[in-house]
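> Okay, predicted coordinates and the sequence, questions at the end:
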Amino acid sequence: MSTASYVSDVKSKISLRPSQRAVKRAALALALTLGIAAVADLGYDYLTTGRYLESTDDAYVKADSTIISPKVSGYIAQVLVGDNQPVKAGQLLARIDDRDFKAALDQAHADVAASEAAVRNLEAQIALQQPIIEQGTADVAAAEANLQFAQEEQVRYDGLMKTGSGTIQRAQQTDAALREKIAQLQHGKSGLLAAQRKVDVLTTERAKAVAQLDRARAVEAQAALNLSYTKITASV
């Protein structure tokens with residue numbers, strides 16, 4: 001190889017290599033690009049998350065954590081969140097097996113319905129007593145009028161007997177009629193009094209039935225509340 005040819009090849013290779021200044025410029029441009037990207041990423045992270053975080057000089061971070069305890073006991077049927085997972089107030093966290101609680105509520109509904117039926121039945125019986133009392137009152141009034149007439153008849157025949165105008169048979173009939181009217185009046189009064197007392201008894205039974213209905217409704221309300229407690233939600 002000649003000297004001239006060797007020199008020409010060296011110059012050709014040197015011309016193909018980038019200059020040192022160009023390399024530095026490319027490196028600087030790459031560093032600037034990476035720096036801008038890093039700043040942009042940090043800025044986005046701060047805007048979305050970082051500005052909501054708290055820090056102290058004592059290396060202590062304050063956070064809100066709440067221990068959730070169910071208000072009713074039972075087996076956990078489903079857990080919807082993980083440990084230390086951020087949650088919102090009212091968010092459903094877990095479900096307790098609610099089959100027993102639904103059964104209790106159904107029984108409470110049935111007890112309320114039975115108690116309501118008992119109250120309605122007693123009210124119907126009280127209402128039925130009203131015409132019986134009215135009829136008994138009318139019977140007593142009629143018996144009193146009949147008794148008064150029989151008493152007047154007896155007085156009249158007693159006078160006839162004293163004057164010798166009456167007969168013993170007629171006087172006996174008058175006495176028998178008087179006793180019959182007295183018995184009818186007593187029977188009427190007894191029936192009326194029994195009807196009135198039955199109303200009193202039914203009224204007392206109705207009051208007890210209403211109290212039982214109130215208790216059944218309270219149990220029903222508690223059963224419904226217990227069923228709602230099977231859904232465990234975040235308080236804060």
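That came in fine, so what should we check first?
> which element follows the strand or helix carrying Ala142 toward the C-terminus?
When elements are defined using DSSP states H and E, Ala142 is found to belong to helix 99-163. With elements assigned by DSSP H and E, the helix or strand that comes after helix 99-163 is helix 168-229.
> Next, Gln78: secondary structure please.
strand (DSSP: H, G, I helix; E, B strand; the rest coil).
> Quick check: the gap between it and Ala141.
Between Gln78 and Ala141 the computed distance is 75 Å (Cβ to Cβ, to the nearest Å). In this view, the C-beta of every residue, glycine as well, is placed from N, C-alpha and C.
> Any idea which helix or strand in this protein has the lowest mean pLDDT?
Here the helix or strand of the chain ranked lowest by mean pLDDT, DSSP states H and E is helix 3-16, holding a mean of 46.
> low-scoring pLDDT stretches of this structure, where are they?
Within the chain, the stretches falling below the threshold (pLDDT under 70) are 1-66, 166.
> May I see the domains of it written out as residue ranges?
When the chain is parsed with the TED database, its domains come out as 22-49, 98-230.
> Of all these, which one is nearest Gly82?
Ranking the domains of the chain by their distance to Gly82 (criterion: Cβ to Cβ) puts domain 22-49 first, at 19.0 Å.
> circling back: which of the domains of the chain has the highest mean neighbour count?
When the domains of the chain are scored by mean count of other Cβ atoms under 10 Å, the highest mean neighbour count falls to domain 98-230 (a mean of 15).
> Now the terminal residues of that one, how far apart.
Length of domain 98-230, first residue to last, Cα to Cα, to the nearest Å: 6 Å.
> From Gln129, how far out is Glu144?
Looking at Glu144 against Gln129, where the rule is Cβ to Cβ, the gap reads 22 Å.
> What of Asn121?
The span separating Asn121 from Gln129 equals 13 Å under the rule Cβ to Cβ.
> Okay, the closest residue to Glu220 other than its chain neighbours and Val72: tell me how far apart.
If the residues on either side of it in the chain are set aside, Glu220 comes closest to Ala108, at 3.8 Å by Cβ to Cβ, 6 or more residues apart in numbering. Remark: distance between Ala108 and Val72 (Cβ to Cβ) = 15 Å.
> what does Phe101 give?
When Cβ to Cβ is the yardstick, Phe101 and Val72 sit 7 Å from each other.
> what is in contact with these two at once?
In terms of Cβ atoms under 8 Å, 6 or more residues apart in numbering, Phe101 and Val72 are both contacted by the residues Asn226, Thr230.
> Just the CA atoms of stretch 84-92, as PDB, please.
Taking Å, rounded to 0.1, in the frame of the first residue of the first chain, the C-alpha atoms of stretch 84-92 are listed here in PDB:
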ATOM      1  CA  ASN A  84     -56.400  -0.900  54.800                       C
ATOM      2  CA  GLN A  85     -58.300  -0.100  51.600                       C
ATOM      3  CA  PRO A  86     -59.500   3.500  51.400                       C
ATOM      4  CA  VAL A  87     -63.300   3.700  51.500                       C
ATOM      5  CA  LYS A  88     -66.000   6.300  51.400                       C
ATOM      6  CA  ALA A  89     -68.700   6.900  54.100                       C
ATOM      7  CA  GLY A  90     -71.600   4.600  53.500                       C
ATOM      8  CA  GLN A  91     -69.700   2.200  51.300                       C
ATOM      9  CA  LEU A  92     -70.700  -1.400  51.700                       C
END
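> What residues sit buried inside it?
The neighbour-count criterion (16 or more other Cβ atoms under 10 Å) identifies Val87 as the buried residues of stretch 84-92.
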